[in-house]
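Colleague: below: sequence and its predicted model.
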Amino acid sequence: MIFNLKDLTRRFAAEKALQESENRYRTIFENTSVAILISEENTIISMVNHEFEKLTAYSKQETEGKMTWKDFFVKDQIEKMESYHYTRRIDPKLAPRKYEARLIDRQGNIKEVCLTVAMIPETKKSILSLLNITELKQMRKDIQHHLEKRQAVMRDTIEAMAMTIEKRDPYTAGHQRRVADLACAIAKEMMLSEVQIEGIRMAGVIHDLGKIRVPAEILSKPDKLTEHEFAIIKDHPQIAYDILKKIDFPWPLALMILQHHERMNGSGYPQGLSGEEILLESRILSVADVIEAMAFHRPYRPALGIERALEEVYKNRGVFYDIEVVNICLKLFLEKRFEFG
C-alpha cells in the first residue's frame, strides 16, 4: 500500500477540523440556557441537552432513542404539531418556525413553552428549542387582572363623580350619559380602538364635572344668562381639568374634557384651539354635546328637537365642528336610526 503523505495530511486535518466543529457545537448544545432536542423523521428523539432534562425531569438515558417528542405534549395539540412536523420535511416554509405549546413533565405538571423549530441541513432531522414561558404567561395574566381591577375602580370613581353632579343639577342627570352614548356610537362608526371608545365613554359621563363649582341658581336659571353668569359657566371645562389632571387615568380624560367646547375655527373656549390642535375625542364629544343639548329641554328653553340639532351641526361642519365627525353623526341618525336611550 502506497501512502500519499499530502493526501494523508489533508485527510487528517479535515478529520481534526470536523472533530473540533462537533465538539464546539456539542459544547453550545449542552451549555445553552434553553432546552433543546433533536428529532428524527419518525419523531423519535435522538439527542437532548441538560436543560431538556431539567425541564422535563427525564434523563438522556430514558429519552434518547426511546421516546418521541409526542410523549411530552398534551394530547389535544399532538395532531397539529405532527402536521407541522411532516409538512416541514416537504417544505419548511409551509410550517410555522415558532409557536406555543403545552408540555407535560414527569410529574404531570403542564408547562407553557415557546417552540422554535428548524430543519438540520441535508437531513430529515429537526432541532427544537423549548423556552419555558409559564411564569411569563402567569405574570401577564396577573398584570392583566391588575389592570382590569384598576380600570374597574376608575370606572366606579367616574360613576361616583357623575352621580355627584347629577344630584346637584337634575338637568345634567341624563345629559352626560346621553352625550356619552352618542359619542361612543360615533367613535365605533369611525372604527376607533376599544381603548379610545372606553375613554370617550368615561369622559362623556363626567364632561360637565366642572359645573360642580357653578352656583346652582345659575345652572337652573329659567331666564337668559347674563354676560357675567355665562362667563362663570364657561369656566367649567378648566375647572374639570384642574380636578382631573393629576389623576393617572389610562385615557387623557382631563384634556378631552378641557377641549370639548373648542371649535374647529378657533372660536371656542377655554383655549381657542383650532383644527387638529383639538383632540379627536374632544371633537367627537363636542358634536354629541351640541346634538343632545339642542334636542332636549333646558331650564331656559324647551327642547328644539333632533332635526334642529342635526341642521346646526350640518350647517357648521368644518366651521365649528369636525367634518368627518358630523358626517358620521348624520349617518347614525338618518341611516342607522340612532335613538337616545
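Modeller: Good, I have the coordinates.
Colleague: in stretch 122-140, what counts as buried?
Modeller: Using 16 or more other C-beta atoms under 10 Å as the test for burial, stretch 122-140 gives Ser126, Ile127, Leu128, Ser129, Leu130, Leu131, Asn132. Just so you know, the C-beta spots here come from the backbone N, C-alpha and C atoms, and that holds for glycine as well.
Colleague: give me the below-cutoff pLDDT ranges for this protein.
Modeller: Low-confidence segments of the chain (pLDDT under 70): 1-9, 11-29, 170, 173.
Colleague: top strand in it by residue count?
Modeller: strand 110-119 (DSSP state E).
Colleague: ok, back up a step: will you turn the buried residues of stretch 122-140 into a markdown table that also has distance to His175 and secondary structure?
Modeller: Below are these laid out as a markdown table (distance: C-beta to C-beta, whole Å; DSSP: H, G, I helix; E, B strand; the rest coil):
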| residue | distance to His175 | secondary structure |
| --- | --- | --- |
| Ser126 | 65 | strand |
| Ile127 | 65 | strand |
| Leu128 | 61 | strand |
| Ser129 | 59 | strand |
| Leu130 | 58 | strand |
| Leu131 | 54 | strand |
| Asn132 | 54 | strand |
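Colleague: just flag the most distant two among the residues you listed.
Modeller: Checked with C-beta to C-beta, the buried residues of stretch 122-140 reach their widest spread between Ser126 and Asn132, with 19.7 Å between them.
Colleague: re earlier: what does the longest strand of the chain contact?
Modeller: Outside strand 110-119, the residues within contact range by C-beta atoms under 8 Å, 6 or more residues apart in numbering are 35, 55, 74, 84, 88-89, 92, 95-105, 125-134, 136-137.
Colleague: which residues does the residue nearest to Arg88 when sequence neighbours are not counted contact?
Modeller: Closest residue in space to Arg88, ignoring its immediate chain neighbours: Ala95 at 4.1 Å, by C-beta to C-beta, 6 or more residues apart in numbering. Contacts for Ala95 (C-beta under 8 Å, 6+ apart) come out as Ser83, Tyr84, His85, Thr87, Arg88, Val117.
Colleague: can you tell me which of these is closest to Leu192?
Modeller: Nearest member of the contacts of Ala95 to Leu192, counting by C-beta to C-beta, is Tyr84, at 37.4 Å.
Colleague: what's the burial count for the closest one?
Modeller: 16 (other C-beta atoms under 10 Å).
Colleague: hmm, Pro96 and it touching each other?
Modeller: Yes. Tyr84 lies in contact with Pro96 (C-beta atoms under 8 Å); the separation is 6.5 Å.
Colleague: what residue spans form the domains of the protein?
Modeller: 32-134, 149-334 (automatic domain parsing).
Colleague: and among those domains, the most buried is which?
Modeller: Ranked by average neighbour count under the criterion mean count of other C-beta atoms under 10 Å, the domains of the chain are headed by domain 149-334 at a mean of 18.
Colleague: for the spatially closest residue to Glu229 that is not a sequence neighbour, helix, strand, or coil?
Modeller: Leaving aside its sequence neighbours, Glu229 sits nearest to Ile218 (C-beta to C-beta, 6+ apart; 5.1 Å). Of the three states, Ile218 takes helix according to DSSP: H, G, I helix; E, B strand; the rest coil.
Colleague: so what's Ile218 up against?
Modeller: Contacts for Ile218 (C-beta under 8 Å, 6+ apart) come out as Leu225, Glu229, Ile232, Ile233.
Colleague: what's the most distant pair in those residues?
Modeller: It's Leu225 and Ile232 that sit farthest apart of these, by C-beta to C-beta, at 8.6 Å.
Colleague: make a markdown table out of the domains of the chain and add distance to Phe340.
Modeller: Listed next are the domains of the chain as a markdown table, based on distance: least, C-beta to C-beta, whole Å:
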| stretch | distance to Phe340 |
| --- | --- |
| domain 32-134 | 46 |
| domain 149-334 | 5 |
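Colleague: Ile143 is nearest to which of the ones you listed?
Modeller: Closest among these, using C-beta to C-beta: domain 149-334, at 10.3 Å.
Colleague: quick one: distance of the closest one to the chain centre.
Modeller: Domain 149-334 has its C-alpha centroid displaced from the chain centroid by 25 Å (C-alpha atoms, centre = their mean, to the nearest Å).
Colleague: cool, and stretch 130-139?
Modeller: With C-alpha atoms, centre = their mean, you get 20 Å for stretch 130-139.
Colleague: let me see the ranges of the helices in the stretch 51-200 of the chain.
Modeller: Under the criterion DSSP state H, counting those that start in this stretch, the stretch 51-200 of the chain contains helices at 60-63, 75-90, 134-168, 170-189, 194-205.
Colleague: now those helices as TSV including distance to Leu332?
Modeller: Listed next are the helices of the stretch 51-200 of the chain as TSV, based on distance: least, C-beta to C-beta, whole Å:
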stretch	distance to Leu332
helix 60-63	63
helix 75-90	43
helix 134-168	23
helix 170-189	6
helix 194-205	14
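Colleague: need the contact list for the residue nearest to the spatial centre of the chain.
Modeller: Nearest residue to the geometric centre of the chain (C-alpha atoms, centre = their mean): Val195, 7.1 Å. By C-beta under 8 Å, 6+ apart, the contact list for Val195 reads Pro250, Trp251.
Colleague: closest one of the contacts of Ile218 to Val179?
Modeller: When the contacts of Ile218 are compared against Val179 (criterion: C-beta to C-beta), the nearest one is Ile233, at 16.3 Å.
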